[in-house]
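Q: got a sequence here, can you model it:
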Amino acid sequence: MQYVQIVEVAPRDGLQNEAVTLPTAVKADLVRLLASSGVRRIEVTSFVNPARVPQLADADELCGMLPHGPFSWIGLVLNERGLDRAIRAGVHEVNVVVVATDTFSQRNQGVTTDEAIAAWTRIADRARAAGLRTTVTIAASFGCPFEGEVAPERVAGVLARCVQAQPDEVALADTIGVGVPAG
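A: Down below sits the predicted model:
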């Protein structure tokens with residue numbers, strides 16, 4: 001049987017850059033509404049440095065407000081401290097972002113792509129041991145705001161190294177929206 005599975009990311013990706021930080025209860029209502037619409041996998045928050053992403057500083061509290069049921073709550077993590085928080089908060093899955101270009105990786109996460117791959121490998125092992133499903137997202141797979149077009153060979157190399165950690169899922173992200181047909 002073939003099917004499409006939707007992973008909703010609005011509570012994390014949609015809210016992380018907003019100028020106004022929503023109250024935690026409003027975020028919990030958003031997640032509940034999405035779940036009631038039939039979406040079963042939702043990236044609810046990010047367990048990153050609250051000083052860097054204050055809009056999601058309430059990640060731990062938010063997870064405590066989410067309903068139990070046939071849902072899978074996903075938390076984005078970038079390092080082992082974030083994984084520790086995600087485990088304590090009770091998420092079912094973690095998503096780790098590895099940026100395909102060093103410049104974007106340094107600016108976004110403060111590490112090189114090689115360092116991000118090493119972190120992903122450690123996180124994947126620990127997450128699996130904790131019973132969590134793992135996703136690795138290769139960001140800027142089609143283009144980088146600093147380096148321009150990303151060579152498919154570069155993405156393939158990053159991907160090959162990431163899959164050695166045996167993720168449950170791999171995502172190739174068109175982070176800046178340039179993966180469109182030439183015309």
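Q: hey, let's count contacts and neighbours off CA atoms from now on
A: Fine.
Q: from Ser141, how far off is the residue nearest to Gly131 when sequence neighbours are not counted?
A: Using Cα to Cα, 6 or more residues apart in numbering and skipping the chain neighbours, the partner closest in space to Gly131 is His92 (8.0 Å). Distance from His92 to Ser141, counting by Cα to Cα, to the nearest Å: 26 Å.
Q: compare these two and say which is more crowded by neighbours.
A: Ser141 (28 against 19; other Cα atoms under 10 Å).
Q: just checking, what's the longest helix in this protein?
A: helix 113-129 (DSSP state H).
Q: for it, buried residues please.
A: 113-114, 116-121, 123-124, 126-128 (16 or more other Cα atoms under 10 Å).
Q: same list, those residues, but as JSON lines with pLDDT and distance to Asp29 please.
A: As requested, the buried residues of helix 113-129 are exported to JSON lines (pLDDT from 0 to 100; distance: Cα to Cα, whole Å):
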{"residue": "Thr113", "pLDDT": "98", "distance to Asp29": "36"}
{"residue": "Asp114", "pLDDT": "98", "distance to Asp29": "38"}
{"residue": "Ala116", "pLDDT": "98", "distance to Asp29": "33"}
{"residue": "Ile117", "pLDDT": "98", "distance to Asp29": "34"}
{"residue": "Ala118", "pLDDT": "98", "distance to Asp29": "36"}
{"residue": "Ala119", "pLDDT": "98", "distance to Asp29": "33"}
{"residue": "Trp120", "pLDDT": "98", "distance to Asp29": "31"}
{"residue": "Thr121", "pLDDT": "98", "distance to Asp29": "34"}
{"residue": "Ile123", "pLDDT": "98", "distance to Asp29": "29"}
{"residue": "Ala124", "pLDDT": "98", "distance to Asp29": "30"}
{"residue": "Arg126", "pLDDT": "98", "distance to Asp29": "30"}
{"residue": "Ala127", "pLDDT": "98", "distance to Asp29": "27"}
{"residue": "Arg128", "pLDDT": "97", "distance to Asp29": "29"}
